[in-house]
Every structure is written in structure tokens, then in C-alpha cells.
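Peer 1: A predicted structure for the sequence below; I have some questions about it.
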Amino acid sequence: KMDLYREEVMDHYEHPRNLGEIIGEDVLSEKDSNASCGDMVQFYLKIKDEVIIEVKWKGIGCAITTASASKLSEYLQGQALKDVQNMSEEELTQKGIGFEVNPGRIKCLMLPVKVVKKLVRN
């Protein structure tokens, strides 16, 4: 199980999905960083009729932060804004990312989730 997880993480780290930014008036953007390790992630969400229709992100980070942001960006595409707003960070992590890390790396895993939760709060 651990190897499968590691392969998935490495795949997303080496080939991150939805990397980039979205420019426009109807785009929500938010960023945050981990002071402890210097990782930084910024997400861009384009929302139409209360549905997330486009997701991009950029940042600097370790394999876990990158893979987490990449997987989350894939998951968010097509989601109803309300559903994402109503999810806890834990729920969003399970559904949107789906892999686990040891407690020492939880901040890396959660950084993209925190950014997205901040983003959809308003």
C-alpha cells in the first residue's frame, strides 16, 4: 500500500496537474505558506453558476505539497461551490487528495486544503 501511495505522490510531483494561473475578474485566488518549511501554494478558481469550472494552482513545495495541490486541483474541477464550502478540512483532504502522510508531513499535505478552504469561505 505504501508503495502505491508513493508512486501516486511521485507521479503528481513529477507531472503536476493544472499548474498555472487564471487571469480574470471572475477568478478567486488565495495563497498561503508553511513558515516551517517555506512551501507556498496559490490556487485560482473560476466559478460559474456556483460550480467550480476551472482550477489552476502554482507554488513551491516538497513532493507532498505538490502532489496534494495537484490532486486537489483535479478533484475541485466540476464541484459545486456549496459542497466544497460545507466540507471540513479533513473531509476535503480525504475526498480530494486521498492519501495519508506521517504526522510530521501533515502540514505539507494540508497546505493546499487550507488555501482552498480560505478561498471558498468568502
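Peer 2: Nice, thanks for sending it over.
Peer 1: any weak-confidence spans in this structure?
Peer 2: 1-2, 122 (pLDDT under 70).
Peer 1: pull out the buried residues from the top helix by length along the chain.
Peer 2: Among all segments of the chain classified by DSSP state H, the helix with the greatest residue count is helix 106-121. Along helix 106-121, these residues count as buried under the neighbour rule (16 or more other C-beta atoms under 10 Å): 107-117, 119-120. The C-beta positions use only the backbone N, C-alpha and C, and glycine is treated the same way.
Peer 1: pull that helix out as PDB, backbone CA atoms only.
Peer 2: Extracted as PDB, the C-alpha positions of helix 106-121 are listed here (Å, rounded to 0.1, in the frame of the first residue of the first chain):
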ATOM      1  CA  ILE A 106       0.700  16.700   7.700                       C
ATOM      2  CA  LYS A 107       1.300  20.500   7.300                       C
ATOM      3  CA  CYS A 108       2.600  19.800   3.700                       C
ATOM      4  CA  LEU A 109      -0.500  17.700   2.900                       C
ATOM      5  CA  MET A 110      -2.900  20.300   4.400                       C
ATOM      6  CA  LEU A 111      -1.400  23.500   2.900                       C
ATOM      7  CA  PRO A 112      -3.400  23.300  -0.400                       C
ATOM      8  CA  VAL A 113      -6.500  22.300   1.600                       C
ATOM      9  CA  LYS A 114      -6.200  25.300   3.800                       C
ATOM     10  CA  VAL A 115      -5.700  27.600   0.800                       C
ATOM     11  CA  VAL A 116      -8.900  26.200  -0.900                       C
ATOM     12  CA  LYS A 117     -10.900  26.500   2.300                       C
ATOM     13  CA  LYS A 118      -9.800  30.100   2.700                       C
ATOM     14  CA  LEU A 119     -10.700  30.700  -0.900                       C
ATOM     15  CA  VAL A 120     -14.300  29.400  -0.800                       C
ATOM     16  CA  ARG A 121     -15.100  31.000   2.600                       C
END
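Peer 1: what sits up against that helix?
Peer 2: 28-34, 36-37, 39, 41-43, 45, 57, 61-62, 64-65, 68-69, 72, 76, 81, 84-85, 89, 92-93, 96-97, 99-101 (C-beta atoms under 8 Å, 6 or more residues apart in numbering).
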